[in-house]
Every structure is written in C-alpha cells, then in structure tokens.
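Chemist: sequence and predicted structure below; questions after.
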Amino acid sequence: MAGATTLNWAAAAHADTAARFETRDATRETPLVKWLVLGLSLTFFAVFLLLPLVAVFVEALRKGWETYWTALAHEDALSAVKLTLTAAIIAVPLNLVFGVCAAWAIAKFEFRGKHFLITLIDLPFSVSPVIAGLVYVLIFGAQGWLGPWLAAHEIKILFAVPGIVLATVFVTFPFVARELIPLMQAQGREEEEAAIVLGANGWQTFWYVTLPNIKWGLLYGVILCNARAMGEFGAVSVVSGHIRGQTNTLPLHVEILYNEYQFAAAFAVASLLAMLALVTLGIKTWVEHRAAHASRDETPPEALQDAAS
Amino acid sequence: MSIQVKDICKQFGDFVALDKVSLDFPTGELVALLGPSGCGKTTLLRIIAGLEQADSGQVLLDGDDASGTHVRERQVGFVFQHYALFRHMTVFDNVAFGMRMKPRPQRPSEKQIRAKVHDLLKLVQLDWLADRFPAQLSGGQRQRIALARALAVEPRVLLLDEPFGALDAKVRKELRRWLRNLHDELHITSIFVTHDQEEALEVADRVVLMNQGHVEQIGTPEEVYRQPATPFVYGFLGSVNLFRGRIDGETVRVGEDVLPHEANELEHGAEVVAFARPHELDVVPDAHSDAGVAARITRILAFGVTARVELDGLNGAGGQHFEVELTRERVAHLNLVEGQSVRLVPSRLKVFERNGTTGASA
Amino acid sequence: MAATRTFRVLPGFHLTLGYTLAYLSLIVLLPLAAVFLKTASLSLAEFWAVVSAPRVVATYKLSFGMSLAAAAINAVFGLMLAWSLVRYTFPGKRLIDALVDLPFALPTAVAGIALTALYAKNGWLGQYLEPLGIQVAFKPQGVLVALVFIGLPFVVRTVQPILEDLDTELEEAAASLGAQRWQIFRHVILPVLLPALLTGFALAFARAVGEYGSVIFIAGNIPMVSEITPLMIITKLEQYDYSGATAIAVVMLLLSFTLLLAINGLQAWTAKRTGRDR
C-alpha cells in the first residue's frame, strides 16, 4: 500500500506538463476557477504542511542558539543520536539486501502467488507501528514465548538495543523492496538475458547490468528506509522502555523533553530530525530530476538518423 | 555451424506454442522463421538460443545435443527484438561487454578488445558513434549496434528476433539489404524471426513458414511463393483470391458457376477451397459467358504500372470480394467500368480439400 | 506459466525467493502470527469483553471517525493540490512539489509536537482560533488535524501521475462535442481519476487508523473523548494487560488486512482504467 511512497518515474518524463495544459483552450479553466483552486490548495498546503515545518525551527531557536546547542550537546541527546544511528545502520542494510532479493525474484521471474507475495511485503505498511512493537513484546517480553528462556540466559532483547533494532527492521521492512519491484518490473529482463547470452555469469549480470539501471531507485529506497528508521516513534516506543541514555532514540528523546516541558530542547532535537527529512526530500527530488533527464534523453535524435547508411 | 531441431514441443499453460517441430538449418544459410504472431516462431528461436527450454525434443548444434548446454556456453549471438542494449553503457562498452565478461585466462587484453570493437563498429558502419549512449541513437543505429555486440563474442550462429520490427518502413528497407550483404560477407548460419512476408522473401535464402505451433512449409522464397503447400501459406504470402466449392469432374463448382482446374486425385464431390493470385485471374466482360465466376466491378484503381480491379462476387460467390491485377492496356482494351457485371476466369488455380469445415455449399 | 518443468535463464531464482520468504516469515509473518496465537488464550467471551468495553469502543469511534474525516478532507484538497501541481505554473512549484512528501519523511513525533505548538491556546494558529470558539489542541479536532497532516501525500501522490498521464486530446474532444468545462471535469476527467482518488483515500485512511506518534501529543488523550485505538494498546501494555492489548491489536489487524485487500482491489481497478501498471 505504499503506492504513494515510491518514486514517480513517469512524472519525470513530462516535467513540463503544466505548459501542455495551459496552452490549450480546451484544457484551461476560467481565471476565477484557476485562482480559486490554486489559492485553496496552496493555503491548505501552507497551513497543514509548511507551517508545522517552520514551527519546528522557530520553536527550536526561540530561546536562542545557546540553548539550542546545549540541548543538542547534552549527553542524553548524544546517546540518543548514537542509538538512532546504530538502529539505522543495522536495519537499513538488512532491508536493503532483502529488498534487492525480493525485487530480483519478483521482477525477473514468473511464479505462482507473486501478487500475494507483494501484498505480504506491503503488510508492515498497513500495520499500526504500535502493533509492530507489541508483537515483539509478545515474543520476547517477560510473559512472552521466549521471555523465560531469555531471562534464564540473561539475554536482553526487550527494553534494550536488540528490541529497538527489531522493531525498526519491521517498520522499515518494505521500503527498498517497494521501490525496486515496480522499477525492475518495468525494465523487464531483456538486458539481463542479453548479458547472459554474451557470456556473463549471474553476479556479473547483476553487477554490470542490473545494478546500474536501478541505482537511483535503490538510493531513494535506502534514503527513505533510513529516514523512517531514524524517525520511527510508535513501534520503538513500545519496545524501548524509555531508559534515558540507554534505550532512547532521538524521537523518544524528543518526547521525554517535551513531556518535561523543556520545549526549546525538545524542538532543538526535533529540528535535527526535521533536517534529516529535508535532506531525504532533497535527495528524492534530485533522483527524480536525474530520472527525468535520463528519460528525456530516451528520444533518439531522428534528425541525424542513419547518416551512414 | 548447422542447427537441427528434433520433435520440439513447448507449452505455456494450456497454450501449445510448439507441437513436435523438426527442422534443419544448414551451415551458412540465412533462414527466416515466418508466421503470424503467436505461431511459435519466437519461442523456437529462444529455445535454439537456450533462453527457453523445450518440454521435449532436442536441439543439435553441429550434431551435438545442446539441451544440457547453458546459453552462456552455446556460443550463439542473439539480437533481441528491442535490442536490449545496456542503456547505461556507451556503444563501445556495449560491444565490448561480451569480451570483458570472459574468465580472466580467456579474456583478451584491453588493447585487443579495443581493436576488435572498432573493427566491429566499422563492419556495421557506425565507428563514429563509439562514445554515444544507446538513448542517443536512432532505431536503425541501435539495431546495428546490437548486431555488432552479438558478433563480438564470435558466435557460431546468429539469431535475430524480429530484427526490423521496431523500425519505420524506410529504415527497415535499408537495413534489410544491409543485413543480406553482411550475411554474404560473414557467412554465419543465421536465423531471423519475422511476421513480415516481404521481409522474409526478400532477405532469406530459405523460409520456414509456421502456424499454430507447427511448420507449414519450408523452401526458398521462390518455392513458397510459387508453390504454396497449404491453404495457410497461400493465404499468408501475398494477396490471394479464394473460391469455396465442390469438385465436379474436371471442374470446381462454385454455386452454379464452374471453374476449370487441372486434374488431380481429389474425389468427385469433395469440398474444396481454390486459390488464385490477383495476377492469375482474368476478367471476361461477357456476363453471360459460362466460363468462370460471376462478379461485379466495384472499383478500378489504374494509377500504378498495373491496374487493380476490385469486385464483389455474385451468385455462388455472393458476399465475397475479389482482387484482380491487369495491365492498364488490358483494362482499356476491355473497356471495363465500375458497376459492370463480368466473369472471373482463373489462368491458374490451386485447389485444396477443405477439411474440418462443414460442407455448406458456397 | 505453469509449465511442468520450469526453466530459467537468469540465475538466482531459488536463492532470492528463498531468502525473501525466509526473511519475510521471520520478521513479519511469525511475529504477526504471535498476535493471533496470543488472543487464542482468551475465551471468546473474554475477548469480546475487552474489545467491546465502552472506553475501547469510544476509541474506535474516534479513530474511525477522524480517520474517515481526514481522508475525506485530503481527498478534496489533495486532488486540488495535485491538480495545481500538474496543470498550473506558479512560483515555488518545484519546492512545494518536493515538500508534499514531508509527512512521509518527517518523524511522526516531530510532526506531533509541531502541530501541538501551532494549535495550543497560545500557539501561532491557536491564538486566533481560540477567540472564535474553536479549540483544536487536546480535543478530538486535534486528532483530525494530525491525521490530515500525515494523510495528504497519499492522495496527492496517487492522483498526480494519473493527472499527468491524461491526454489533452480527451478534453479537446469533449470540448469539441460541446461540453462545458465543468461537464468535462465531471464526466471525462473525474471518472478517470476516481479509482486513483479512492485508492489515495483508502491509503490515507489506512495510515490514519494506525497512526500514533503525531496524534498523541495533540490529542490530549482524555479517556472516552480523545483517545485513539493505538493508544489503548499502549495503555493496556503499560498495565501489563498483554492479552487485553493483543485483543485490541487483533481488531486493528483485521481492519488493516481488510483495507489492504480493498486497496489492492482499487489499485487493480486503477491499472485497468488507466492502463498503468501499478
């Protein structure tokens, strides 16, 4: 159900789509309607999306730069950064490998139950993050299936780093796969077959032919996966136990500061996460721009066609 | 290298793509696999290449069973319908790909690769495009690069899937001639798949006509055009006029009309279809003559070297359309006008027994 | 292709599919199965008692109602925004287009505190709404605002590509047949967009029902008034009522699965309508 989280490769193809509609009489509205639609939608955008984003930064700096830096340099904040990075560094590569494998199997081969498999891969998107946390409590918690055994062997998963990593992996599970599957399906398998006919082995085919073709989609999937991994709140909140300096990720740290009425500090930490979001969107836009560039080049210059024949 | 396929069967689900197909491709020939879409020709090509595996049957390359040989080891050159050029590589890198993928001991040096790629690009007359990306090439150029890339691994056979399918008419014509010349130069056993009869007849040494998973006829372009072996081949190659009727002694009876035909072993009363090419029909202006089939002229197109006369069948051939090719002089001589009732008399008629169809008289 | 003997030229099918299935089972399917197994320890009566407790039912009403309302608001404004982005030229368009995805990328907790700050009594927006008698923060309306925020990109991003693909000739044909602009929209454009619009609506709704982070800060979480269902699960967990939490989770999961199926159906419909492969 991540239809909306995937890159819009097709959009890239017609970057100047507005001109197409604006220059024709039949596809234009009267100015009144146009300005009404434009005005309403932009106001809506400003109030619901732009304002919250601006608010994060304004609130973060409300008490000045010093408070801002102090909040960020606090040891609890730093340990939250560390834990957040740890979780992402483990979760993202795991889901990256999974995503590439799943996309390869699904896009390059025909087999029964393929659509069902795609639906299953989407599952974590439609499950509430709170439930994602809950499932691990049920398995690893003190009353859970493995709880007593883990306690006997003094292995801590819940309310510790492994639990946080697991919850993060669950929540970010589909991102890379979801990005690659439609892309690789659209690209078909002719190029790979050509490589095999030319004598390349499986790895060479993947490395020299498939990977260069999917690198932008892969990059975007990884970036999105990473953003979600670093920003996940609900699932992590359930399994973390909220132990300061130990099991607090950045979003959890924001919550604690906020609940303690340390608003400026909460927003300062939040502004870090907001910047991460902006970087993510920046990379997305850049990748789409690259894709647009590539697809515009697809049109062959028929003018100098076959000059030699 | 010679290629033989023996009793190849292939099914996709319930769909029979190939039904016990056996064929021989002698060394050095350029053969066309011709047929309508869905006739199994591309499947056969992919099975020969090793891109697909037959449900049963054998592929013999130079007499050796290749069934166990992976496509990588078969040493076939395959040109894909949409070329499958690696879009992120330059033309040079595309052509060099096969050589660079070889295991290190067999891999030529980078210098040898460069020389070879340039030789190949010269061969396809596109040396000046080495640094371009596939997206910057025209369709015809892509096609030739795909061919150069396939030749770079020194294949023993060359397989081309609808090589001109994605090109516009003018480029297609040029490339056809070019492919023929290239083949005459290299003499590598080549098979190409096409649904375009003109293409097959013009380019190939030999044409294999396929329909619904089996081979209808094999022969030189001349043979398959002049002596079609089955009604399908007759209908598929060139335009043709068709009469449905019944054998009546020395004639074919179409309703009340009769067509003369050469004696053969068909039984009296057998349901038949008879074929005649447009140039094998003559028009007799006398509507009351008892030769041939009654028809009415609907249109006369006399702008080419030859004139084309279109007619609607009357009486027994009612509801059918006919096309006759005459010289312009003959049209003028006969004083034909649109709307005129005439009779159609074949100079040559090929008769096939109609089986499977019910005998409702025509 | 159900050939008796399957043959594949490209390598790695068994390896990649095997790994995919193993990883999927380990990370997603087994843990989710745990939820259903855990509820099995409750009798049907006990299960029913938990999931139909008045306080829990109140959360369904709120979560459901507000999610539906938010998805509906997003369907209207999301369509307008997508329309503006595709059809009009205006300054800052590329930036706005990029920022539409903000709710995907912005951690929900950040969105939650930012929205709360905006709509609190002394907040940027709250201070103007308060005199009008409109309270948002710490009220059910707060839940609505948060859910609108997180759902918007779903509608925009499902509708936008369909709008971009629309052939101008379609509208020109309609105009040449004498249709008014509004009629063209109503009878030509909207039917093409409808499957995608509904898909976007369903996606936004599905996301909203399960949303937690952005809601809890602004909702106030007053029992019977502004508690959402996911919070109920957390509350039960904090009371070590694992079976209670699980029972509610089962209700939510069943809803999610239903929605997932509905969305798949809608996407298939979109694909059929527009010839796009989704």
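Modeler: All right, it came through fine.

Chemist: where exactly do the strands run in the stretch 151-300 of chain B?
Modeler: With DSSP state E, counting those that start in this stretch, the ranges of strands along the stretch 151-300 of chain B come out as B:157-161, B:189-194, B:206-211, B:214-219, B:241-248, B:251-254, B:257-260, B:271-276, B:281-284, B:293-301.

Chemist: of all those strands, which one is nearest chain A?
Modeler: Using CB to the nearest CB as the measure, strand B:157-161 is the one of the strands of the stretch 151-300 of chain B that comes nearest chain A, at 8.9 Å. The way it works is simple: take the backbone N, C-alpha and C, and place the C-beta from them, glycine included.

Chemist: could you pull out the buried residues of the closest one?
Modeler: Residues B:Val157, B:Leu158, B:Leu159, B:Leu160, B:Asp161 are the ones in strand B:157-161 that count as buried (16 or more other CB atoms under 10 Å in any protein chain shown).

Chemist: same for the helix or strand containing A:Ala235, what does it pack against?
Modeler: Taking DSSP states H and E as the criterion, A:Ala235 maps to helix A:234-240. The contact analysis (3 or more CB pairs under 8 Å, 6 or more residues apart in numbering or on different chains; DSSP states H and E) places helix A:234-240 against helix A:129-140, helix A:161-172, helix A:250-259, helix C:229-238.

Chemist: next, format these as TSV and append distance to chain B.
Modeler: TSV is the format used below for those (distance: least, CB to the nearest CB, whole Å):
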stretch	distance to chain B
helix A:129-140	37
helix A:161-172	28
helix A:250-259	37
helix C:229-238	44
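
Chemist: possible to save those helices as TSV with mean neighbour count?
Modeler: As requested, these are exported to TSV (neighbours: other CB atoms under 10 Å in any protein chain shown):
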stretch	mean neighbour count
helix A:129-140	26
helix A:161-172	25
helix A:250-259	24
helix C:229-238	22
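
Chemist: just the CA coordinates of stretch C:228-248, formatted as PDB?
Modeler: Provided in PDB are the C-alpha atoms of stretch C:228-248 (Å, rounded to 0.1, in the frame of the first residue of the first chain):
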ATOM      1  CA  ILE C 228      -7.200   6.700  19.800                       C
ATOM      2  CA  THR C 229      -7.200   2.900  19.500                       C
ATOM      3  CA  PRO C 230      -3.400   2.500  19.200                       C
ATOM      4  CA  LEU C 231      -3.000   4.400  22.400                       C
ATOM      5  CA  MET C 232      -5.400   2.000  24.000                       C
ATOM      6  CA  ILE C 233      -3.000  -0.800  23.200                       C
ATOM      7  CA  ILE C 234      -0.100   1.100  24.800                       C
ATOM      8  CA  THR C 235      -2.200   1.800  27.900                       C
ATOM      9  CA  LYS C 236      -3.100  -1.900  28.300                       C
ATOM     10  CA  LEU C 237       0.600  -2.800  27.800                       C
ATOM     11  CA  GLU C 238       1.700  -0.400  30.500                       C
ATOM     12  CA  GLN C 239      -0.800  -2.100  32.800                       C
ATOM     13  CA  TYR C 240       0.800  -5.400  31.900                       C
ATOM     14  CA  ASP C 241      -2.500  -6.500  30.400                       C
ATOM     15  CA  TYR C 242      -0.900  -8.300  27.500                       C
ATOM     16  CA  SER C 243      -4.000 -10.200  26.400                       C
ATOM     17  CA  GLY C 244      -6.100  -7.100  26.500                       C
ATOM     18  CA  ALA C 245      -3.600  -5.200  24.400                       C
ATOM     19  CA  THR C 246      -3.400  -8.200  22.000                       C
ATOM     20  CA  ALA C 247      -7.200  -8.400  21.700                       C
ATOM     21  CA  ILE C 248      -7.400  -4.800  20.500                       C
END
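
Chemist: off-centre distance for that stretch?
Modeler: From the chain centre to the centre of stretch C:228-248 is a distance of 22 Å (CA atoms, centre = their mean, to the nearest Å).

Chemist: that one near chain A anywhere?
Modeler: Yes - using CB under 8 Å from any CB of the partner chain, stretch C:228-248 reaches chain A at C:Pro230, C:Leu231, C:Ile233, C:Ile234, C:Leu237, C:Tyr240, C:Tyr242, C:Ala245, C:Thr246.

Chemist: surely the fifth one touches C:Thr246?
Modeler: No - C:Leu237 is beyond contact range of C:Thr246, at 9.4 Å (criterion: CB atoms under 8 Å).

Chemist: so for the two, which residues contact both of them?
Modeler: A:Leu134 (CB atoms under 8 Å, 6 or more residues apart in numbering or on different chains).

Chemist: show me the contacts for residue 41.
Modeler: Unless you meant another one, I'm taking chain A. C:Phe77, C:Met80, C:Leu81, C:Trp83, C:Ser84.

Chemist: not quite, go with chain B.
Modeler: By CB under 8 Å, 6+ apart, the residues touching B:Lys41 are B:Leu33, B:Leu34, B:Gly35, B:Val193, B:His195, B:Met210.

Chemist: now those as JSON lines including distance to chain A and neighbour count?
Modeler: Formatted as JSON lines, the contacts of B:Lys41 follow (distance: CB to the nearest CB, whole Å; neighbours: other CB atoms under 10 Å in any protein chain shown):
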{"residue": "B:Leu33", "distance to chain A": "18", "neighbour count": "28"}
{"residue": "B:Leu34", "distance to chain A": "23", "neighbour count": "29"}
{"residue": "B:Gly35", "distance to chain A": "22", "neighbour count": "28"}
{"residue": "B:Val193", "distance to chain A": "15", "neighbour count": "25"}
{"residue": "B:His195", "distance to chain A": "19", "neighbour count": "18"}
{"residue": "B:Met210", "distance to chain A": "22", "neighbour count": "25"}
